[in-house]
Structures are given as C-alpha cells and as structure tokens.
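> got a predicted structure plus its sequence, pasted below:
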Amino acid sequence: MAGKSRVAGKMSVMDINEIRRKFPILDRKVEGRNLVYLDNTATSQTPHSVVSDISSLYEHTKANVHRGVHTLSQEATDLQERTREHVRRYINASSIEEVVFTRGTTEAINLVASSFGDRLRDGDEIVLTVMEHHANIVPWQLLQRHKDIRLRVVDIDSEGTLDLRQYRSLFNEHTRLVAFCHVSNVLGTVNPVREMTAFAKERGVPVLIDGAQASPHMKIDVRDLDCDFYAFSSHKMYGPTGVGVLYGRRELLESMPPYQGGGEMIKHVSFSGTTFADLPFKFEAGTPDFIDIAAFSKALDFIEETGIDNIAAHEERLLAYATERLERIPGLRIFGKAPHKSAVISFLVGDIHPYDLGMLLDKLGVAVRTGHHCAMPLMERFGIPGTVRASFAVYNTFEEVDAFVAALERVVSMF
Ligand code: PMP
C-alpha cells in the first residue's frame, strides 16, 4: 500500500510522506537499515517545528518565568501561559486555573495521590483497574503507608475489556475516588470512560482518568467526560519531554493542599505562616520546565493541523492491517482484542522470550518495546512475564508494517 492514506468518511487526503518529512529522526538508520519506529506508546517522535522552537527559545528568549519585570522574563512567561491557554482549549477545560503543568502523567497522578489523598481516612476505598500502568497504582500504595485505605481492583475479560458489572459492584459507602486509564498502554483497550465517570459521579465519587495513552490518539474533552482529574504527558503527543498536564476541576483543586512547597506557589511567606498562590500556581512549586512547556504548544499545533480524526483514522487502518498480518504467523498470540482498541499490539510467539524477539528485531532496524510495560499486575493476570509491543503513530506506514512483519517472520524462523 502506498504512503498516501485516504481517510474514510472525510474528503481530505493525508499524505503520510509529507508528515514523515516533518520528523527528521525517521530518516535514521539502525544497524544499517531504515528505522521502523514502533515504540510510540512509550514515546512518540517530535516534529522539527517543536525541536526548532526549543532551540530558538534557548537562543533568544531564555529567562525564568513569573519573576522578572525585564523583557525576556515577560516573553518567557507569556509563552508558557500561551501554552496553558492552548492546552485549556485543546481539552476544553473551563479555565486556565484548571490546567496544572507537571513533569508528566506520573507526577500528575502523584500530585493527586498526595494532595487529594490528604483527605482520605482509614477505611476509605479507591477503585482502580487491573490494566493500570504502575503510575496509577504505586502512588496509591504509597498512600497506604500512612493510611489504612483499601484498593479495589476491577478485572478484565480474556479480550482485555473491563468487567463493568464488577466495576459497578465495587462502589460502596467507603468509595472516595475512582482512578482508571482511558486507554491501556498494553492492551490498547479504550475504556468507556464517559459511562464509568457518570456512574461514579451519580454516587458523588470523584474520578481521575489517566489519559497518557488517549491524548495522542483522540479528542479529549474534559467537560464532556465530566471527570475531576485528567492526566497526560507531552512526550507521547509529539511534544517535548519533561512536561505533563494535570487537569483538575476547579472546586476540587481549590480545596486541595499544595503538593510541593517552594518558590512560585506562595503569596506570602513568613516563619509565622505562609499563604499560597492562586490556582494553578499553588501546584507548581519551583522553576517549571518553561522552555519545553512553551514548545509543547507547537506539538499541539502539529496535532491540530494534521487533525486528530485523521490521525485516529490512519492509526486504526494501520492497526487493522498489522493485526491481520500478524495473526497469520503460526504460534503468535495477541493480548488485547477489545472491540474498541487503540493502535497497540502486544503479543508473544510460541514460547520465545519477548526480550529475544525485541533484540533480534532491533538488529533488523525495528524498534518495539518488550517487557512488562510497567503493568506487572496485568502481566500476572495473563500469567506471562511480558510481551512484545508494537505501537503506531501518525507517521507510520503500511510499508513499515510489512517490514516489521517480514523481520518478525525472519526472527521467529531462527528458533
Ligand atoms: N499511564 C500510562 C497509561 C502510560 O502509558 C504511561 C507511560 N508509559 C504513564 C502513565 C506514565 O507516563 P509518564 O512516564 O510520561 O509520566
């Protein structure tokens, strides 16, 4: 199939080759071969527009934000705050006060666990799911060191779909929070987060959504979802590393204590007492990663110019094509076959260790991830040590799927 992808249902034609030209890294060779980058779930590549914005900011506008009256500081502050407004628009939050910059999804969830967690009492319960990334498990376990709270875990069926009956049955008078991923980083399952959120909200239970794997692939509208917290990372959205976002419903953020103390998050400090800054700065202690935050706006531009629906449609076609081709390989088992699935394929072939497959694929220029994918409870659920995971982004092509499958067939034939 050609690099041109005609997007069904839309009159637009997306030229994948034109998109690829925006990503210089895709021209790289690995082991003398054209790189086939299929590790987009871990991090996606970054277009030149973002990279050049970062260098330009370092060369022309570097100054600490929110501190100076001088021109550079004001420019740097404006650029950071411009991204905040861009993110607000992008996720349809009501106000910029609800957009807190963090280092990533992990820090965003830790912020909620620590700050919202402050109000939890012994005997309280939090509902999670078995498909959570460690970033949405361990912060709650850390809370358990100080409080006798209980984690209730929703199971999945063999295809990787959440057991919604069990989800509903886990709510009781002790439930204080529900926290689940929008999309599983291993199975690709897209959870019915709107319905899950509505069920929790009807019972007055706040909802945190880990959106790390949804935000690069679909439209996020936090008001439509009606969630209380939504966390995501720039580096998975074609953006710079070191930047994440915690969306938080204003009333909740206002009622929560600061997460970290330091500069930028205060109104007044004295040894007899300190008052804290208004939202969102109350949760942004210290110098933020202001250059990468500023450049994140260019990554959002890239997504918006390409069109999130076009991205999703192309990835869906890649997923269908790759799944169909992989399923023809004898002994190959795919983990995660939910009807509503994002472009992630986790698999094993016979009893070949996933690390062996990953290492040998790398020798053929194909970058896939192997291991437990920071989801050990899920691996345990399937009774496996890990998987090989191929994941797609907008710049991947059908030819790359062919190259990947051919490389895999070659590797498998060695065993
Ligand atoms: N949640 C999910 C579902 C993820 O896939 C990841 C990253 N693999 C994270 C959380 C953590 O994201 P980060 O490392 O950017 O904080």
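Everything's here; your move. Nothing here was measured: the structure is a model prediction, and the numbers come from that model. Numbers count the residues shown, from 1 in each chain.

> who's in contact with Asp157?
Contact analysis of Asp157 by Cβ atoms under 8 Å, 6 or more residues apart in numbering lists Asp163. All C-beta atoms are positioned from the backbone trio N, CA, C, and that covers glycine.

> which bits of the stretch 201-350 of the chain sit near the ligand?
210, 212-213, 233, 244 (Cβ under 6 Å from any ligand atom).

> helices along the protein, start to end?
Secondary structure of the chain by DSSP state H: the helices cover 16-21, 48-60, 71-91, 105-115, 138-143, 164-169, 193-202, 222-225, 250-255, 290-306, 308-326, 354-363, 376-382, 398-413.

> okay, these, which one's buried deepest?
helix 105-115 (a mean of 24; mean count of other Cβ atoms under 10 Å).

> export that one to PDB, keeping only CA atoms.
Taking C-alpha atoms only, helix 105-115 is exported to PDB below (Å, rounded to 0.1, in the frame of the first residue of the first chain):
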ATOM      1  CA  THR A 105       1.400  11.800  33.800                       C
ATOM      2  CA  THR A 106       3.300  10.200  36.700                       C
ATOM      3  CA  GLU A 107       3.800  13.400  38.500                       C
ATOM      4  CA  ALA A 108       0.200  14.500  37.800                       C
ATOM      5  CA  ILE A 109      -1.100  11.300  39.500                       C
ATOM      6  CA  ASN A 110       1.300  11.600  42.400                       C
ATOM      7  CA  LEU A 111       0.100  15.100  42.900                       C
ATOM      8  CA  VAL A 112      -3.500  13.900  43.200                       C
ATOM      9  CA  ALA A 113      -2.500  11.000  45.400                       C
ATOM     10  CA  SER A 114      -0.600  13.200  47.700                       C
ATOM     11  CA  SER A 115      -2.800  16.200  47.800                       C
END
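
> could you give the average pLDDT over that helix?
In this model, helix 105-115 carries a mean pLDDT of 98.

> ok, back up a step: would you turn the helices of the chain into TSV with distance to Val186?
Shown next, in TSV, are the helices of the chain (distance: least, Cβ to Cβ, whole Å):
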stretch	distance to Val186
helix 16-21	26
helix 48-60	27
helix 71-91	24
helix 105-115	15
helix 138-143	16
helix 164-169	19
helix 193-202	17
helix 222-225	22
helix 250-255	29
helix 290-306	23
helix 308-326	14
helix 354-363	12
helix 376-382	6
helix 398-413	18
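
> low-confidence ranges, the chain, go.
Applying pLDDT under 70 to the chain flags residues 1-13.

> let's check: the centremost residue of it is which one?
In the chain, the centroid-proximal residue (Cα atoms, centre = their mean) is Ala212; its distance is 1.4 Å.

> am I right that it is in contact with Lys236?
Yes - the pair Ala212 / Lys236 is scored as a contact, 6.0 Å apart, by Cβ atoms under 8 Å.

> separation between His275 and Arg119?
One correction, residue 275 is Thr, not His. 20 Å (Cβ to Cβ, to the nearest Å).
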